[in-house]
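Trainee: Kindly return the folded structure for what I paste below:
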Amino acid sequence: MKANFSFVSVPSERTIRLRMQGEFDARSMSRFAEEYRRVCEEYSGRPHMVLADMRGTAPLKATTAEIFGEIIAYSRRRGVVCCAHLSDDTVQKLQASRLGRSISEYDETTFDVVSVDEAERLFAERRPKLDG
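Mentor: Residues are numbered from 1 along each chain as shown. Down below sits the predicted model:
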């Protein structure tokens, strides 16, 4: 399946909801990274949260994973304090966890969730603490 992605940014909730599907190569991941940088900039470095819905996304090849790891690091430097990661592929889930740990040995930003509802509950708990 061809790679595709979308973003829904809700500044009033300080939340970005991203959706990724398919097989990403270096070119499609670079397009994703470019758009994700643009969306992150809307928050001007203020703390915010991300729902990374990656159901249907294939594991990444090494060069593509490197680009993805760089954009994860960038987003954290630009204010991401909580990322709810939703995946239906065990290898992809493990790969995303490894990338998170490569940025921070004790990754306290990424939370694996099993549904969008669980992610929204996590965000509801954390939202009041964004400025605290």
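
Trainee: Report the helix or strand with the lowest average pLDDT across the chain.
Mentor: The least trusted helix or strand in the chain, going by mean pLDDT, DSSP states H and E, turns out to be helix 90-103, with a mean of 76.

Trainee: what comes up buried for that helix?
Mentor: 92, 93, 95, 96, 99, 100, 103 (16 or more other Cβ atoms under 10 Å). For the C-beta atoms, the positions are set from N, CA and C on the backbone; glycine is no exception.

Trainee: The helix or strand that comes right after that helix - contacts with which helices or strands?
Mentor: Per DSSP states H and E, the first helix or strand lying C-terminal to helix 90-103 is strand 110-113. In terms of contacts (3 or more Cβ pairs under 8 Å, 6 or more residues apart in numbering; DSSP states H and E), strand 110-113 is packed against strand 80-86, helix 90-103, helix 116-126.

Trainee: Rebuild those as JSON lines, extending it with distance to residue 27.
Mentor: Below are these laid out as JSON lines (distance: least, Cβ to Cβ, whole Å):
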{"stretch": "strand 80-86", "distance to residue 27": "24"}
{"stretch": "helix 90-103", "distance to residue 27": "19"}
{"stretch": "helix 116-126", "distance to residue 27": "29"}
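
Trainee: To what extent is residue 128 buried, counted in neighbours?
Mentor: 8 (other Cβ atoms under 10 Å).

Trainee: what's the answer for residue 86, then?
Mentor: 19.

Trainee: No further queries at this time; thank you.
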